[in-house]
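In: Could you look at this predicted model? Sequence included:
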Amino acid sequence: MHTQYPIAIIGGTGKSGQYLIKQLIAQGFSFKLLLRNPDKFALHHKQVEVIKGNVTDEYAVHTLIEECTAVISTLGLGIPASEPTIFSQSTRHIIKAMKACGISRYIVTTGLNVDTPFDRKGAQTTMATEWMKNTYPVSTANKQQEYELLVNSNINWTLVRLPLIEQTDELRPILVNETDCPGTAISATSLAHFLIEQLSAESWLRKSPFIANG
């Protein structure tokens with residue numbers, strides 16, 4: 001059981017975040033969850049502490065992160081959609097709060113459209129990247145800025161790059177690759193397991209792996 005070591009969770013009501021919460025509870029973790037609208041959150045569990053606020057609010061982010069041992073974010077634009085610059089805004093607040101609270105481990109998800117100097121993207125990943133850049137130029141550029149903020153920080157981050165997320169309870173084998181996306185989809189349950197594993201793993205510290213189901 002891990003109940004004495006709380007984890008700060010951002011994006012926990014999103015399409016992948018819901019599965020992360022389910023697995024954290026199943027594996028015995030306690031966690032603090034940042035919610036814009038706590039009244040709409042039906043889950044009440046002794047392992048869960050809800051913090052009301054938005055990731056664009058520096059004070060709310062600090063309140064979430066204090067007394068935690070790590071941070072996991074599956075933040076998306078949400079419904080209704082947040083500002084497309086939410087990714088860099090939230091990252092700045094998270095890094096600042098982590099430094100203030102003496103926390104170093106940060107695990108965050110993003111799209112496969114983020115580029116790194118280590119990439120050797122194949123045709124399929126390159127095509128998907130260009131489509132995202134052309135269709136969602138502001139949010140795609142902002143996700144790239146998020147990566148740069150992490151690179152220039154001194155925290156132990158892992159930026160997990162994802163293909164299509166399939167909302168399923170099925171746990172499927174995962175392929176991990178630093179240079180190209182190894183598949184077209186990832187089970188939300190497989191993703192949740194991978195994110196939780198990174199709390200204690202060191203293989204992907206300060207790296208941006210692609211993951212997909214084999």
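Out: Okay, I see it.

In: Tell me where the model's unsure across the protein.
Out: For the chain, the stretches with pLDDT under 70 are 1-4, 40-45, 77-82.

In: can you pull out the helices in it?
Out: 17-26, 58-65, 86-101, 123-135, 137-151, 188-197 (DSSP state H).

In: any chance of those in CSV, plus distance to N213 and mean neighbour count?
Out: Any C-beta I mention is one placed from the backbone N, CA and C, and that applies to glycine too. CSV is the format used below for the helices of the chain (distance: least, CB to CB, whole Å; neighbours: other CB atoms under 10 Å):
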stretch, distance to N213, mean neighbour count
helix 17-26, 14, 20
helix 58-65, 31, 20
helix 86-101, 25, 21
helix 123-135, 15, 14
helix 137-151, 22, 18
helix 188-197, 6, 21
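
In: Throw these into CSV and include distance to E166, thanks.
Out: As requested, the helices of the chain are exported to CSV (distance: least, CB to CB, whole Å):
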stretch, distance to E166
helix 17-26, 10
helix 58-65, 28
helix 86-101, 22
helix 123-135, 16
helix 137-151, 21
helix 188-197, 6
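
In: Convert the C-alpha atoms of stretch 83-97 to CSV, please.
Out: These are the backbone C-alpha positions of stretch 83-97, laid out as CSV (Å, rounded to 0.1, in the frame of the first residue of the first chain):
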residue,chain,number,x,y,z
GLU,A,83,-7.1,28.3,-23.7
PRO,A,84,-4.8,26.5,-26.1
THR,A,85,-1.8,28.0,-24.2
ILE,A,86,-2.8,26.1,-21.0
PHE,A,87,0.1,23.7,-21.4
SER,A,88,2.9,26.2,-21.0
GLN,A,89,0.9,28.1,-18.3
SER,A,90,0.4,25.0,-16.2
THR,A,91,4.0,23.8,-16.7
ARG,A,92,5.4,27.1,-15.4
HIS,A,93,3.2,26.9,-12.3
ILE,A,94,3.9,23.2,-11.7
ILE,A,95,7.7,23.7,-12.0
LYS,A,96,7.6,26.7,-9.6
ALA,A,97,5.5,24.8,-7.0
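
In: contact partners of that stretch?
Out: For stretch 83-97, the surrounding residues in contact (CB atoms under 8 Å, 6 or more residues apart in numbering) are 10, 55-58, 61-62, 64-66, 71, 73, 75, 77, 103, 106, 108, 110, 136, 138-139, 142-143, 145-146, 149-150, 153, 155.

In: hang on, the earlier thing: right, and the helices of the chain - which one's nearest D39?
Out: Closest approach to D39 among these (CB to CB): helix 58-65, 16.0 Å.

In: Output that closest one as PDB, nothing but the C-alphas.
Out: Output in PDB follows, covering the C-alpha atoms of helix 58-65 (Å, rounded to 0.1, in the frame of the first residue of the first chain):
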ATOM      1  CA  GLU A  58      -0.600  29.500  -9.300                       C
ATOM      2  CA  TYR A  59      -2.000  29.300  -5.700                       C
ATOM      3  CA  ALA A  60      -4.200  26.400  -6.500                       C
ATOM      4  CA  VAL A  61      -1.300  24.500  -8.100                       C
ATOM      5  CA  HIS A  62       0.900  25.100  -5.100                       C
ATOM      6  CA  THR A  63      -1.900  23.900  -2.800                       C
ATOM      7  CA  LEU A  64      -2.200  20.800  -4.800                       C
ATOM      8  CA  ILE A  65       1.500  19.900  -4.900                       C
END
